[in-house]
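Participant: Please find the sequence and the predicted model below.
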Amino acid sequence: KTSGFSLQVGSAWLYGYGVLASALAYAWARPPGRSMLDGYTWLVWAVVITNSALGIVVSFIFKHGDNIVKLFGASMAVLVTGLVSARFLGQKSGPGLWLGCAQATCSLCFFYCDQQFLYSWDSDVLTC
């Protein structure tokens, strides 16, 4: 189960073998006269660079945060994308988007708010 190598060295070996296997499979099945990068437009490269940056951001979050921070960030990104799509792209936002916004906001309050603040809300609701 353990090889004595660090995680980074083991990952580098794993990726190296993956690249080698992929290159051999491509060389075997490649149609003649075609390059490996045929069909790649600027949009494909933008997606590759964006996903690379996202991978670095996620590793930074895991190094300095925890899974809760990543989950809140991912759910907020989905909600912000939905809101931006509704506002600028004319997408119809259904009740699921607004319920998701409300649920994410409530969970952020429950997780990060001060206990006394939350208890004061509980006591106000119970005395009604």
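Facilitator: Nice, I can see it.
Participant: What degree of burial does the nearest residue to Lys92 once chain neighbours are set aside show, as a neighbour count?
Facilitator: Take Lys92 and drop its neighbours on the chain: the residue closest to it by CB to CB, 6 or more residues apart in numbering is Ala86, 7.3 Å away. Using the backbone N, CA and C atoms, a C-beta is placed for each residue, glycine as well. Neighbour count of Ala86, defined by other CB atoms under 10 Å: 15.
Participant: In contact with Ala86, which residues?
Facilitator: Counting by CB atoms under 8 Å, 6 or more residues apart in numbering, Ala86 makes contact with Lys92, Ser93, Leu97.
Participant: Just to be sure, which of those are found in helices?
Facilitator: Leu97 (DSSP state H).
Participant: CSV for the contacts of Ala86, including neighbour count, distance to Val44 and pLDDT?
Facilitator: Formatted as CSV, the entries for those read as follows, by neighbours: other CB atoms under 10 Å; distance: CB to CB, whole Å; pLDDT from 0 to 100:
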residue, neighbour count, distance to Val44, pLDDT
Lys92, 7, 29, 85
Ser93, 13, 30, 80
Leu97, 18, 29, 80
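Participant: where does the residue nearest to Lys92 sit relative to Thr105, distance-wise?
Facilitator: Computed as CB to CB, to the nearest Å, the Ala86 to Thr105 distance reads 17 Å.
Participant: per-residue confidence for Tyr17?
Facilitator: Tyr17 is assigned a pLDDT of 94 by the prediction.
Participant: List phi and psi for the spatially most central residue of the chain.
Facilitator: Centroid-nearest residue in the chain: Ala74, 5.5 Å away (criterion: CA atoms, centre = their mean). Its backbone dihedrals place Ala74 at phi -70, psi -40, with angles given as degrees, to the nearest 10.
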